[in-house]
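**Q** dropping a prediction and its sequence here:
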Amino acid sequence: MKRILLVIDGLGGGGAEKTMLALAGEMARRGHDVTVANLRDARAYPIPEGVCLLPCFDTAPRRLRKYGEVRRRAAILDAAVTRLDPWDLVVSTLQVSDRIVRASCLADQAWYRIPNALSVQKLEGVGRAKRLRRRARLQATYRGRKLVAISAGVGRDLTARLEVEPVRLEIIHNPFDIEGIRRLAAEPCPLDGNEYLVSVGRFSPQKRLDRLLGAFGRCGFDGRLVLLGEGTAAQAASLRHRISACGLERRVDLVGFRDNPYPYIRGARALVLASDYEGFGRVLVEALICGTAPVSTRCPHGPEEILTDELATGLADLDETSLAEAIERVLRAPPTIKDEHFRGYAVETIADRYLALAG
């Protein structure tokens, strides 16, 4: 039995959070002692059976939290985990978590899991001075550390674009509970019997829902577009305004966040991802498991690693016209989805890769 610690800055409704809990559940199922250190008071997903949740929340007054935040939160983490030592494997994910772990007693032992293309996520679209500061911060966090990149593209982004020199770098894809997803997908969906496309994800700028709406309006599909996800009040208001500006109020449904999105994915004609960048693109694999054809922008860095061979018909350039054409291609001639397209992402296989890091 191994003692495993997974560290994350909150358990909100995102892909990184879902991934860590899937790993935790699989490792606990095998009889390992698994603890998830939650650094922020946010939780959208249930904790898997047998997994210990360790709250490590910052209780400083909100107005003062930015002062010495990393070291203060590292001290909170240290106080929580040192009494539980020793650990056979420590994995941190998300940049805030990584900075805190980097300043903690776990710094040298931890593996830092990188779930996104950091050069795109953090450096593009900002001024030169801010870009230089952020680049230096990323290099200080990850240089000389043990890193796990969730795709080959993310690994190249770290070493080539950010010039991070890790002591060790492993490429380990996201894990998926294939049979569990299929069971959940078989549940009834309120939209069963309707013709619709589906998009799943937060209402963040990265996801480019404006591009998705534009492509949906351009393509010849006369069904509906269903958006599963949530965002800030400002993001939701902006999205509703965009839908109205596109004249799509009667054709777009905002369903909100769902603990179980899989019946919606299973019932769709296609799942569409319109992002500017992704670390991996886990919803594409979820669509394949549900038997639904995926459409995606050819964004860095995950989709082209997932949508290979005949699935590549669903890839589009990063513009509305190309995305609309890809939607039409997939609807006209859906690719044949085979088990081999997603079996390599099974949680059992990915958990083996992580457990091997413990030595």
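**A** Everything's here; your move. Numbering: from 1, shown residues only.
**Q** helix or strand next in line after the helix or strand bottoming out on mean pLDDT in the chain, which one?
**A** Least confident helix or strand of the chain, by mean pLDDT, DSSP states H and E, is helix 118 with a mean of 86. Going down the chain from helix 118, the next helix or strand is helix 128-142, by DSSP states H and E.
**Q** flag every buried residue along that next one.
**A** Arg134, Arg135, Leu138, Thr141, Tyr142 (16 or more other C-beta atoms under 10 Å). The way it works is simple: take the backbone N, C-alpha and C, and place the C-beta from them, glycine included.
**Q** which stretches of the stretch 101-250 of the chain form strands?
**A** For the stretch 101-250 of the chain, the strands defined by DSSP state E, counting those that start in this stretch occupy 111-114, 146-149, 168-171, 196-200, 224-228.
**Q** which among the buried residues of helix 128-142 gets closest to Leu315?
**A** Nearest to Leu315 out of the buried residues of helix 128-142 is Leu138 (C-beta to C-beta; 28.5 Å).
**Q** hmm, Arg161 is touching Ser119, no?
**A** Yes: taking contacts as C-beta atoms under 8 Å, Arg161 lies within contact range of Ser119: 4.2 Å.
**Q** neighbour count winner among those two?
**A** Just comparing Arg161 and Ser119: by other C-beta atoms under 10 Å the higher neighbour count belongs to Ser119, 23 against 15.
**Q** from Ala333, how far off is the more buried one?
**A** Going from Ser119 to Ala333 by C-beta to C-beta, to the nearest Å gives 36 Å.
**Q** on that earlier part again, now render the strands of the stretch 101-250 of the chain as JSON lines, adding distance to Asp339, mean neighbour count and mean pLDDT.
**A** Output for those, formatted as JSON lines (distance: least, C-beta to C-beta, whole Å; neighbours: other C-beta atoms under 10 Å; pLDDT from 0 to 100):
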{"stretch": "strand 111-114", "distance to Asp339": "26", "mean neighbour count": "25", "mean pLDDT": "97"}
{"stretch": "strand 146-149", "distance to Asp339": "25", "mean neighbour count": "23", "mean pLDDT": "97"}
{"stretch": "strand 168-171", "distance to Asp339": "22", "mean neighbour count": "15", "mean pLDDT": "97"}
{"stretch": "strand 196-200", "distance to Asp339": "22", "mean neighbour count": "24", "mean pLDDT": "98"}
{"stretch": "strand 224-228", "distance to Asp339": "25", "mean neighbour count": "21", "mean pLDDT": "97"}
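**Q** turn those into CSV, including distance to Ala326.
**A** Listed next are the strands of the stretch 101-250 of the chain as CSV, based on distance: least, C-beta to C-beta, whole Å:
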stretch, distance to Ala326
strand 111-114, 28
strand 146-149, 26
strand 168-171, 27
strand 196-200, 12
strand 224-228, 15
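**Q** which stretch among the ones you listed comes nearest Leu89?
**A** strand 111-114 (7.4 Å).
**Q** in which helix or strand does Asp253 reside?
**A** Element membership for Asp253, per DSSP H and E: strand 252-254.
**Q** same for that strand, what does it pack against?
**A** Under the contact criterion of 3 or more C-beta pairs under 8 Å, 6 or more residues apart in numbering; DSSP states H and E, strand 252-254 touches strand 224-228, helix 233-245.
**Q** 10 Å - rerun?
**A** Packing partners of strand 252-254 (3 or more C-beta pairs under 10 Å, 6 or more residues apart in numbering; DSSP states H and E): strand 196-200, helix 209-218, strand 224-228, helix 233-245.
**Q** nearest to Ala287, out of these?
**A** With respect to Ala287, and counting by C-beta to C-beta, the nearest of the helices and strands packed on strand 252-254 is strand 196-200 at 8.4 Å.
**Q** buried ones in the strand holding Asp253, by neighbour count?
**A** Going by neighbour count (16+ other C-beta under 10 Å), the buried part of strand 252-254 is Val252, Asp253.
**Q** repeat that for stretch 329-341.
**A** Arg329, Val330, Leu331, Pro335, Ile337, His341.
**Q** and the residue of the chain most remote from its centre, what's its pLDDT?
**A** The outermost residue of the chain relative to its centre, with distances by C-alpha atoms, centre = their mean, is Arg83 at 31.0 Å. At Arg83, the model reports a pLDDT of 85.
**Q** brilliant, that's me finished.
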